[in-house]
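Undergrad: What follows is a predicted protein model with its sequence.
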Amino acid sequence: MKPAAARRPRRHGPFRRRLTVSFTDDEHAAIARAAAASGLSLAAWCAQACLALLDSRLAAPSGVDRQLATELAQARTQAIRIGTNLNQAVHKLNETGLPPDGLLEAAVDAAHATATLKTLAEDAAGRVGARP
């Protein structure tokens with residue numbers, strides 16, 4: 001029998017507020033893997049991730065760093081969407097043997113998004129003195 005995932009500690013009293021969010025199947029699977037790897041339930045992992053993001057935004061030392069973080073988040077979201085489209089197009093290619101409309105465009109978009117993420121990651125690493 002698999003042990004139950006850990007819950008988030010109640011540091012400041014009982015939890016009284018709920019938030020409902022929706023994810024794609026791929027996003028949900030990625031979150032579930034991360035939660036399982038950390039030994040937390042999905043809800044506890046999501047709560048900790050949201051609160052950590054909130055803490056990091058509150059602690060951002062400058063507007064430039066906040067701008068960079070915003071750009072990274074936007075580029076990441078775009079890359080995920082492009083990757084999903086590319087996966088769907090390749091799946092259709094594998095099913096039918098014919099390239100679907102938009103396959104080449106999705107591949108080009110994926111390459112551009114990857115290049116943008118790489119540039120932003122290198123900029124971020126340079127700001128903190130690290131290597132990507």
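TA: Cool, the structure landed.
Undergrad: With adjacent residues omitted, what lies nearest to Ala35?
TA: Trp45 (3.6 Å; CB to CB, 6 or more residues apart in numbering). (Glycine included, C-beta is placed from N, CA and C.)
Undergrad: Quick check: which helices or strands does the lengthiest helix in the chain pack against?
TA: Longest helix in the chain, counting residues (DSSP state H): helix 63-96. Packing partners of helix 63-96 (3 or more CB pairs under 8 Å, 6 or more residues apart in numbering; DSSP states H and E): helix 25-38, helix 42-58, helix 103-128.
Undergrad: distance of the residue nearest to Ala35 from His28?
TA: Counting by CB to CB, to the nearest Å, the gap between Trp45 and His28 amounts to 12 Å.
Undergrad: cool, and Thr77?
TA: According to CB to CB, Thr77 stands 16 Å off from His28.
Undergrad: Where does pLDDT dip in this structure?
TA: 1-13, 56-66, 127-132 (pLDDT under 70).
Undergrad: How is it divided into domains?
TA: Structurally, the chain divides into domains by automatic domain parsing as follows: 21-59, 62-132.
Undergrad: Adding mean neighbour count, write those domains out as JSON lines.
TA: Compiled in JSON lines, these are given as follows (neighbours: other CB atoms under 10 Å):
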{"stretch": "domain 21-59", "mean neighbour count": "13"}
{"stretch": "domain 62-132", "mean neighbour count": "13"}
